[in-house]
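>>> no FASTA, just this:
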């Protein structure tokens with residue numbers, strides 16, 4: 001078959017997209033100079049594209065939404081449309097790059113072409129250049145996106161040459177073929193019918209087997225969807241974006257974690273809580289109640305350390321939990337311990353299990369209803385969820401593009417469902433980086449949040465028990481001192 005059907009979750013990321021909700025994720029890689037020639041970079045990436053066939057496929061809708069959209073080869077694929085070249089005017093500072101990222105990410109990807117772009121940006125100060133990448137969320141989740149990053153980049157500065165192969169696409173399906181296949185596959189395909197039967201019979205058995213866990217998960221999720229917090233973080237959004245980065249070190253986060261307890265992710269969420277507290281106070285708003293954040297959780301397999309790992313599949317494998325960011329707490333240590341206790345409770349509540357069960361049920365809904373529900377959902381007014389905070393672990397070894405080392409990489413996450421600010425986190429080569437996305441008109445001050453993240457890190461590294469300053473940074477003389 002020359003096409004592959006999208007999963008219900010992947011199709012959902014397409015359906016919720018509209019003129020102001022652009023569902024692409026991305027990254028901004030800061031590279032050491034000098035920049036390579038555009039042609040050399042283009043050819044290098046082009047030679048690797050056979051490793052990821054999806055990069056040369058387009059989404060085809062099924063007539064009348066009789067079935068979920070499909071992936072089909074693009075017979076007109078042109079790599080120069082996707083790999084673009086630009087430059088910053090002098091002085092090429094970080095602020096100019098941030099403005100460019102906001103403009104690039106504000107543009108919706110063309111549905112008639114493969115859903116990705118990569119921008120080579122020259123002219124950064126200090127002899128640097130950048131790569132801005134964007135890819136539609138229907139293609140990958142954060143973990144799979146990290147795998148794709150590894151395919152475009154190299155683990156060594158002088159990798160062996162990759163021989164380019166000609167692109168020979170499969171013939172694209174006709175509209176009538178898609179419609180007929182959508183109808184007949186459910187009725188006659190052993191796989192589709194078998195999947196339907198197995199799902200119908202397996203789900204009750206699964207629910208009976210873990211009845212108490214699932215019920216508590218659904219109840220916890222329902223509880224999380226109540227208790228709205230009114231703030232300027234929610235409201236209508238426009239099509240334009242702001243983007244601001246922040247960064248801390250892996251060593252500093254581990255020092256705080258080892259000193260106060262909790263997990264790596266607990267510390268990250270505590271830093272973000274500090275940033276949001278600064279933002280609300282700067283706006284003159286109340287910070288007396290926690291903020292509700294949707295926290296995507298990978299349901300991929302885990303390695304021995306508990307990190308989500310790729311499985312070679314590009315489709316999304318995510319669920320979510322709802323966490324309360326304790327912006328009402330002034331003490332940064334208390335914020336961290338509150339987050340740690342809460343995340344432990346969320347694991348026990350199996351919220352992520354509930355999300356996975358509910359998302360799997362969407363496979364039973366008619367695609368036409370899924371499409372309609374997705375479009376209506378983005379327009380519904382809501383103040384229950386205030387933001388999104390998504391954390392994806394990245395490689396802890398240096399990577400290279402065209403022989404140039406990637407110095408830093410910052411993530412980008414989209415906005416939606418009336419949330420004006422979202423935060424993405426990525427770790428690479430000893431750094432933890434934050435990408436703060438804001439609605440251009442509704443969140444003109446996202447830099448306050450980014451600066452607040454870094455200030456919260458400094459606060460946790462330098463605390464004052466009994467009047468003695470304790471510096472937890474690795475290598476400091478007080479690094480091993482215990483808080484009393």
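Yes, it's here. Computed from a predicted model, the values in this text were never measured in an experiment.
>>> shouldn't residue 89 be in contact with residue 96?
Yes - Residue 89 is within contact range of residue 96, at 7.2 Å (criterion: C-beta atoms under 8 Å). Every residue, glycine included, has its C-beta placed from N, CA and C.
>>> neighbour-wise, which of those two wins?
The residue with more neighbours, out of residue 89 and residue 96, is residue 96; 17 against 7, by other C-beta atoms under 10 Å.
>>> Please list all residues in contact with residue 435.
Shown in contact with residue 435 (C-beta atoms under 8 Å, 6 or more residues apart in numbering): 27-28, 243-245, 410-413, 423-426.
>>> how about the strands in the stretch 151-300 of the chain?
241-249, 291-298 (DSSP state E, counting those that start in this stretch).
>>> Tell me which of the ones you listed sits nearest to residue 331.
Across those, residue 331 has its closest neighbour in strand 291-298 (17.0 Å, C-beta to C-beta).
>>> Partner strands of that closest one and their direction?
Looking at strand 291-298 with DSSP bridges, its partner strands are strand 318-325 (antiparallel), strand 387-392 (parallel).
>>> Make CSV out of those strands and add mean pLDDT.
Formatted as CSV, the strands paired with strand 291-298 follow (pLDDT from 0 to 100):
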stretch, mean pLDDT
strand 318-325, 79
strand 387-392, 90
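>>> Can you check which of those strands gets nearest to residue 104?
Nearest to residue 104, of all these, is strand 387-392, at 19.7 Å by C-beta to C-beta.
>>> which residues sit against that closest one?
Residues contacting strand 387-392 (C-beta under 8 Å, 6+ apart): 142-143, 145-146, 233, 265, 268-269, 272, 276, 291-296, 323, 325, 411, 413, 419, 421-427.
>>> ok, back up a step: with mean neighbour count added, can I get the strands paired with strand 291-298 in JSON lines?
Formatted as JSON lines, those follow (neighbours: other C-beta atoms under 10 Å):
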{"stretch": "strand 318-325", "mean neighbour count": "22"}
{"stretch": "strand 387-392", "mean neighbour count": "23"}
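>>> Kindly present those strands as a markdown table, with separate columns for distance to residue 167.
Output for the strands paired with strand 291-298, formatted as a markdown table (distance: least, C-beta to C-beta, whole Å):
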| stretch | distance to residue 167 |
| --- | --- |
| strand 318-325 | 30 |
| strand 387-392 | 30 |
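>>> in the chain, which segments are predicted with low confidence?
1-2, 141-151, 185-230, 298-319, 347-383, 464-484 (pLDDT under 70).
>>> now do 80
By pLDDT under 80, the weakly predicted segments of the chain are 1-3, 9, 64-66, 140-152, 176, 181-230, 296-320, 345-383, 463-484.
>>> what residues go with each domain of it?
3-175, 214-471 (automatic domain parsing).
>>> With distance to residue 184 as extra columns, can I get those domains in a markdown table?
Formatted as a markdown table, the domains of the chain follow (distance: least, C-beta to C-beta, whole Å):
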| stretch | distance to residue 184 |
| --- | --- |
| domain 3-175 | 10 |
| domain 214-471 | 15 |
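>>> For residue 181, which of these is the nearest?
Judging the domains of the chain by C-beta to C-beta, what sits closest to residue 181 is domain 3-175, at 7.1 Å.
>>> Between the two ends of the closest one, how far is it?
This stretch, domain 3-175, spans 12 Å end to end (C-alpha to C-alpha, to the nearest Å).
>>> Which residue ranges of the stretch 151-300 of the chain form helices?
Shown for the stretch 151-300 of the chain, the helices assigned by DSSP state H, counting those that start in this stretch span residues 175-188, 190-209, 211-224, 250-260, 264-282.
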